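Colleague: sequence plus the predicted model coming up.
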Amino acid sequence: MSAQPPQPPKPPTHPASLRLPDGPRERDRSPSPMRGYLIPSPLPTRRTRTFSATVRASEGPVYKGICKCFCRSKGHGFITPADGGPDIFLHISDVEGEYVPMEGDEVTYKMCSIPPKNEKHQAVEVVITHLAPGTKHETWSGHVISS
């Protein structure tokens, strides 16, 4: 058996002389059992919240705050409490009323703990009390209204 001598390394090619294939490149993918399925969210939405958690939240006090941010496409945002403290998570399923929350909107809400440790809280029964002036607000049906 004769071993072939190792090949010397090729000199680096100038990037301008490289040719990329035309069109999108197809990738071979291994079959995944999760492809095409949504991974369940660990955050309790209105549909997945237990009855006892809903009752505890509805019996709690009403808080005031300002909408810090809200992304309709992602389905969540944050509220800055009026009395200070850390921002409160807001899920799209907990917004009451016809308007999509916008930055600067004054809101009222109740709080519910987030399992499994129940250390963090999320806003529930969120109602927009004052629309932020000078901004365009969108209804859930897609109509844009100037305030």
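Modeller: Nice, I can see it.

Colleague: output the contacting helices and strands for the least confident helix or strand in the chain by mean pLDDT.
Modeller: Within the chain, no helix or strand scores below helix 51-59, which has a mean of 76 by mean pLDDT, DSSP states H and E. Counting contacts by 3 or more Cβ pairs under 8 Å, 6 or more residues apart in numbering; DSSP states H and E, helix 51-59 is packed against strand 106-114, strand 120-130. For the C-beta atoms, the positions are set from N, CA and C on the backbone; glycine is no exception.

Colleague: please redo it, this time with the cut-off set to 6 Å
Modeller: strand 106-114 (3 or more Cβ pairs under 6 Å, 6 or more residues apart in numbering; DSSP states H and E).

Colleague: now the strands for this protein?
Modeller: 63-71, 76-81, 88-91, 95-96, 106-114, 120-130, 136-138, 144-146 (DSSP state E).

Colleague: run through the neighbouring helices and strands of the last one.
Modeller: With contacts defined as 3+ Cβ pairs under 6 Å, 6+ apart, the secondary structure elements packing on strand 144-146 are strand 136-138.

Colleague: tell me what the strand it packs on is packed against?
Modeller: strand 144-146.

Colleague: partner strands of the strand it packs on, with direction?
Modeller: Using DSSP bridges, strand 144-146 pairs in its sheet with strand 136-138 (antiparallel).
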